[in-house]
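[1] coordinates only, sequence not included:
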């Protein structure tokens, strides 16, 4: 069984009264992977997580944990643990009792529970809190207690529902790195639900982008950011410009797309060739646009600088095109061509900087 | 956590009218009853010497002590029954009826009977429990009994039955409130930590609703201790609780003796509440 993936979702579907929350979602999580489910609120990512936990039942499809079908296994018999956004600490229990709760339920001997709780509290640096109740803990402390409590049963998979969403911004970075370390050290799979792409991109071995109850794209963070499969993924990823238009012509390796802002060349996708007249969309990363186009920057467009955001390492410019649409450009602050708001410029990008999207996921 | 504010002169002024009312309507009459219970004279005279003799007389009469015991016993029985039934109703309403509309409808269904006066609700039990009452007719119709059962009306069981219908919701309400305050993630987190539904209930849900349970128990305890109408209407004159004894003594003009029973009733109620409050910190009621 060692080779079995930790988790397999096969065409799982969940319907609530009046709407479908998750529609035919399939996903395989290999051993010890860090997978992030990313999407806007209401996209079905949390429902998917809850079905893996057994807190919701899948009406269709199959859920396998370590190769075994668990559709009819209740949560307390699944080899999982879950961290909730509000941490869900039991208000009437001390930290030590709380952390040992899972072992208590597994009817481990009292001596073993005491020993493992002590070890766990030490490992998460919360030994001093052993006798405290949750209402006396800070957000960061609660988060550690919740993590220690979830991991004490040594589950095969840890499910995390926006686990740092309720922490102060200043804490999040450190907590993210720590959780990443824990996952690497234990070698168990983490399935992390978030609506924050920075979290997803900096943590996930793989990112699963969901929208409208479906998976739009599964891939490494750089796949998602640089090669968004659909228009939705491109528009959801920060720092990407999306152009809508129609295919004007297909010549060799290039496709000419007519948009309200002009006509642009994009590379032809490997796997398919769109035909002329077909509605389509493509994206260009904000970091790939230049304010000093040369001969290789075949695609050019006139724009006026609308706003400038200083983000430390980079500066983000918001340009307006003649047709009123906005175009974002990001540059390292050291290499700025200094322009002011209201200044007109010509922006350009190379053909290979454009990326044509697949047609939208059919809503059926 | 409760926030304590500085007490300003304004806050005292604001508490003034209610405080004055409580003083006039509650504190002074109560003290007056205590004073009367210490009188020796049968009639109404302020010149009577004060003595504990009346209390001695009460405890010297086994029949009276028996009534005290019966009253406390009835309150305890009622607390157990309404505790279990009331909790079950609350749990059903909050946990199993997820649709808010149905929840409201069921709750209204439970509350509507209480829109009529307590007197009518009490009297309504008589045709229900009587020898020719609804229950007996039903039992005869299905052939469960040959002759009407007389034990329903004018019996302790009849009183208990009626009181359960009157007071169960007192035990339900506070539990509904505390149950609703438990975030759904808590029982779910417990389940993900290998807790079976039974463990979830006893280790998570029940302890967190304990303040609501205790408040409900206090309400039931106080109401049953003070109830005399149910015993009178449904128990006939065969059963008496402390409240009935007060009326009996008062109507026969034994004012200081009636006051003694009243003071004992109040003392028992206070003791009961004090004991119940030992179980939970009531100031934390309503916290998740």
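    Everything's here; your move. None of these values were measured; they are calculated from a predicted model. Numbers count the residues shown, from 1 in each chain, chains lettered A, B, ... in the order given.
[2] low-confidence ranges in the chain?
    Using chain A here. Residues of chain A that meet the criterion pLDDT under 70 lie in A:1-2, A:335-337, A:361-364.
[3] wrong one, chain B
    Ranges of chain B meeting pLDDT under 70: B:1-6, B:41-48, B:282-288.
[4] residue numbers of the stretch 101-250 of chain A in contact with chain B?
    Within reach of chain B by CB under 8 Å from any CB of the partner chain, the stretch 101-250 of chain A has these residues: A:101-102, A:105-106, A:135, A:149-150, A:153, A:159. In this view, the C-beta of every residue, glycine as well, is placed from N, C-alpha and C.
[5] do that again at 6 Å, thanks
    A:101-102, A:105-106 (CB under 6 Å from any CB of the partner chain).
[6] now do the helices in the stretch 151-288 of chain B.
    Listed in chain order, the helices found in the stretch 151-288 of chain B under DSSP state H, counting those that start in this stretch are B:156-180, B:185-192, B:197-199, B:206-226, B:229-234, B:242-251, B:255-279.
[7] with distance to residue B:127 and mean neighbour count added, can I get these in CSV?
    Listed next are the helices of the stretch 151-288 of chain B as CSV, based on distance: least, CB to CB, whole Å; neighbours: other CB atoms under 10 Å in any protein chain shown:
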stretch, distance to residue B:127, mean neighbour count
helix B:156-180, 12, 21
helix B:185-192, 44, 23
helix B:197-199, 42, 13
helix B:206-226, 24, 21
helix B:229-234, 11, 22
helix B:242-251, 22, 19
helix B:255-279, 31, 17
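[8] nearest to chain A, of those helices?
    Between chain A and those, the tightest spacing by CB to the nearest CB is seen for helix B:185-192, at 3.7 Å.
[9] circling back to that earlier point, just the buried residues out of the residues of the stretch 101-250 of chain A next to chain B, in ChimeraX syntax.
    Buried subset of those, written as a ChimeraX selection, criterion 16 or more other CB atoms under 10 Å in any protein chain shown:
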select /A:101,102,105
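[10] so of the residues of the stretch 101-250 of chain A next to chain B, which ones are in helices?
    A:101-102, A:105 (DSSP state H).
[11] which one of these sits closest to residue B:252?
    Using CB to CB, residue A:101 comes nearest to residue B:252 of these, at 62.0 Å.
[12] what helix or strand is residue 144 on?
    Just going to use chain A. helix A:139-151 (DSSP states H and E).
[13] wrong chain, I was asking about chain B
    Per DSSP H and E, there is no helix or strand for residue B:144.
[14] tell me the phi and psi of it?
    phi -70, psi -30 (degrees, to the nearest 10).
[15] just residue A:274 next, same as before
    Per degrees, to the nearest 10, the backbone of residue A:274 is at phi -70, psi 160.
[16] how close does the spatially closest residue to it that is not a sequence neighbour get to residue B:228?
    Excluding its sequence neighbours, the residue lying closest to residue A:274 (CB to CB, 6 or more residues apart in numbering or on different chains) is residue A:247, at 4.9 Å. Distance of residue A:247 to residue B:228, computed by CB to CB, to the nearest Å: 90 Å.
[17] residue contacts, residue 11?
    Using chain A here. A:24, A:26, A:61 (CB atoms under 6 Å, 6 or more residues apart in numbering or on different chains).
[18] let's have those residues in a markdown table, adding secondary structure.
    Shown next, in a markdown table, are these (DSSP: H, G, I helix; E, B strand; the rest coil):
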| residue | secondary structure |
| --- | --- |
| A:24 | strand |
| A:26 | strand |
| A:61 | strand |
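[19] can you tell me which of those residues is closest to chain B?
    For the contacts of residue A:11, the nearest to chain B is residue A:61 (21.1 Å; CB to the nearest CB).
[20] how much space is there between the nearest residue to that closest one once chain neighbours are set aside and residue A:70?
    Spatial nearest neighbour of residue A:61, excluding adjacent residues (CB to CB, 6+ apart): residue A:12 at 3.5 Å. Computed as CB to CB, the residue A:12 to residue A:70 distance reads 11 Å.
[21] the two: who's more crowded?
    residue A:12 (24 against 21; other CB atoms under 10 Å in any protein chain shown).
[22] assign a three-state SS to the residue nearest to residue A:274, would you?
    Residue A:247 - assigned by three-state DSSP - is strand.
[23] now do the one 10 residues further on
    Taking three-state DSSP as the rule, one finds residue A:257 in the strand state.
[24] close to chain A: what parts of the stretch 101-250 of chain B are there?
    Counting by CB under 6 Å from any CB, the stretch 101-250 of chain B sits next to chain A at B:185-186, B:188-189, B:191-196, B:207.
[25] residues near residue A:160, how many?
    The burial count for residue A:160: 25, using other CB under 10 Å.
[26] also the one 3 residues further on?
    Burial of residue A:163, expressed as a neighbour count using other CB under 10 Å, amounts to 26.
[27] name the helix or strand for it, please.
    Using DSSP H and E, residue A:163 falls outside every helix and strand.
[28] residues contacting the nearest residue to it once chain neighbours are set aside?
    Leaving aside its sequence neighbours, residue A:163 sits nearest to residue A:83 (CB to CB, 6+ apart; 4.7 Å). Applying CB under 6 Å, 6+ apart to residue A:83 gives the contacts A:146, A:150, A:160, A:163.
[29] return the distance of the second one relative to residue A:98.
    Computed with CB to CB, the distance linking residue A:150 and residue A:98 is 11 Å.
[30] care to break chain A down by domain?
    A:7-226, A:231-356 (automatic domain parsing).
[31] need the winner for burial among those domains.
    The highest mean neighbour count among the domains of chain A, using mean count of other CB atoms under 10 Å in any protein chain shown, belongs to domain A:7-226: a mean of 19.
[32] quick one on the thing from earlier: who is the residue nearest to residue A:163 paired with across the strands?
    residue A:160 (DSSP bridges).
[33] if I look at it, how far off is residue A:223?
    27 Å.
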